[in-house]
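S.K.: predicted model and sequence below, questions to follow.
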Amino acid sequence: MSGFVFSEKPITIESGEGVHLTGSDGTEYLDFGASYACTPLGHSHPAVTEAVQEQAAALTYVQASYPVDTRTETYEKLAALAPGDLDNVWLCNSGTEANEAAMKFARAATGDSKIVATKRAFHGRTMGALALTWKQKYKAPFEPLAGDVEFIEYGDADALEDAITDDTAALFLEPVQGEGGIHPATVDYLQAAREATADADAALVFDEIQTGVGRTGTLWACEQAGVVPDILTTAKGIANGLPMGATLVADWVAESPGDHGSTFSGGPVVCAAANATLDAVVEEDLPAHAKELGDYLVSEIEATTDEHDLPVRSVRGSGLMVGIEVKRGANRVLRDLAVNHGVLALPAGRSVVRLLPPLVAEEAHADAFVEAFTEVLS
């Protein structure tokens, strides 16, 4: 019996290199989804492959109470790269787990229970993180969920200020909503979030699971607003496809984290992949490349939309996190792109085609996507 949770696509993937995947039948696909931003360096990056092989040959696993140089290096890299003073690092295995930890850390540190989240938000599928996720279809089969969560309109500073009170433990925000349709927050909104949480002695949590590690044009999306949260969660791209998440917290949160742990926190092999990935992202200045290529991709999509009068409502995003809102079902467009043009992308709701290509993609790859997209919508 195959895995019954996932709806499997009619494409069996056999290998990958750079921005391309190859199916078992030899078909080559341009990967403009990167499996939800999990492979910022593309597939089979040589530095990551070498680091994983060397670490696996030396030590596959020992749990996190025993120091391991590779894990210590990951702690130090993330602390050094984190925005502001978020130099306390807890490692885990996924973004959902990172957000679960953030909920617990915030409640333990503040002594409060109320959490404010936003409509259209997606923070994960486990029972705690799911309580912060807006869409009812994800939640309905599993209710009742963790309580004391209030949802407000994303981008509404007045609603934010009204909701955050003295009994609030944390405000959870995505600097760019991903699953909710690729909606970037304004600088003013993120700054208002910082002020409101500080006034209420609540933790500001930025969910950078999808936006982090250079995806939006800076290493962390919050840097573009000049706002440092109290907690930052990240995952997906950290280890270039191997399972890792991280929760980065300020000193005042780290003083009272409560009782938390995870068996596979900071496995040495995954840490080796993370170290190689973070080094490459920084050394190759991939955030700046994401900004430049993202601007080019959006401009080309807008130009071809105007030229060919394509059924597109809007194009939005930040860096190489781009959403194209189409006037027909996004899944129909994605199916045509994959089956007839060898291009893989993602949905973000019913009407948005989501693009999260590897950060190593080039203009020629953007041109190839635009050409295929134009043919599909024409």
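M.R.: Arrived safely. Keep in mind that this is a model prediction, so the values were computed, not measured. Numbers count the residues shown, from 1 in each chain.

S.K.: what's the helix or strand for R107?
M.R.: Element membership of R107, judged by DSSP states H and E, is helix 95-110.

S.K.: average model confidence for that helix?
M.R.: In this model, helix 95-110 has an average pLDDT of 97.

S.K.: gap between it and the chain center?
M.R.: 17 Å (C-alpha atoms, centre = their mean, to the nearest Å).

S.K.: same check, this time on stretch 232-239
M.R.: Centroid separation between stretch 232-239 and its chain, computed with C-alpha atoms, centre = their mean, is 7 Å.

S.K.: distance check, the residue most central in space within the chain against E255.
M.R.: Centroid-nearest residue in the chain, with C-alpha atoms, centre = their mean: Q210, separated by 0.9 Å. Distance, Q210 to E255, by C-beta to C-beta, to the nearest Å: 29 Å. All C-beta spots, glycine's among them, are computed from the backbone N, C-alpha and C.

S.K.: and D148, by the same measure?
M.R.: Counting by C-beta to C-beta, the gap from D148 to E255 is 23 Å.

S.K.: mind giving me the packing neighbours of the helix or strand of the chain with the lowest mean pLDDT?
M.R.: Within the chain, no helix or strand scores below helix 136-139, which has a mean of 91 by mean pLDDT, DSSP states H and E. Applying 3 or more C-beta pairs under 8 Å, 6 or more residues apart in numbering; DSSP states H and E, we find helix 136-139 packed against helix 127-131.

S.K.: now do the helix it packs on, average pLDDT.
M.R.: Mean pLDDT, computed over helix 127-131, is 94.

S.K.: before we move on, what about stretch 314-328?
M.R.: In this model, stretch 314-328 carries a mean pLDDT of 96.

S.K.: go on, stretch 83-90?
M.R.: Mean predicted confidence for stretch 83-90 is 96.

S.K.: for it, which residues meet the burial criterion?
M.R.: By neighbour count on 16 or more other C-beta atoms under 10 Å, the buried set for stretch 83-90 is P83, L86, D87, N88, V89, W90.

S.K.: ok, H183 touching L173?
M.R.: No: judged on C-beta atoms under 8 Å, H183 makes no contact with L173 at a distance of 11.3 Å.

S.K.: more neighbours: the two, which one.
M.R.: Taking neighbours as other C-beta atoms under 10 Å, H183 and L173 compare with L173 leading, 27 against 18.

S.K.: wait, that one sits on A203?
M.R.: No: using C-beta under 8 Å, L173 makes no contact with A203, being 11.3 Å away.

S.K.: how near is P347 to P357?
M.R.: Distance from P347 to P357, by C-beta to C-beta: 15 Å.

S.K.: ok, these two, which is more surrounded?
M.R.: P357 (30 against 18).

S.K.: tell me the secondary structure at that one.
M.R.: Of the three states, P357 takes coil under DSSP: H, G, I helix; E, B strand; the rest coil.

S.K.: where do the strands sit along the stretch 201-350 of the chain?
M.R.: Counting by DSSP state E, counting those that start in this stretch, residue ranges of the strands within the stretch 201-350 of the chain are 203-207, 231-234, 245-249, 312-318, 321-326, 343-344, 346-347.

S.K.: closest to T277 among the buried residues of stretch 83-90?
M.R.: In terms of C-beta to C-beta, no member of these lies closer to T277 than V89, at 15.3 Å.

S.K.: what is the neighbour count of A146?
M.R.: A146, neighbours per other C-beta under 10 Å, totals 15.

S.K.: same check on G95?
M.R.: The burial count for G95: 29, using other C-beta under 10 Å.

S.K.: you'd agree it is up against K236?
M.R.: Yes: between G95 and K236 there is a contact at 6.3 Å, judged by C-beta under 8 Å.

S.K.: and the helices in the stretch 101-250 of the chain?
M.R.: Ranges of helices in the stretch 101-250 of the chain, per DSSP state H, counting those that start in this stretch, are 127-131, 136-139, 157-163, 187-199.
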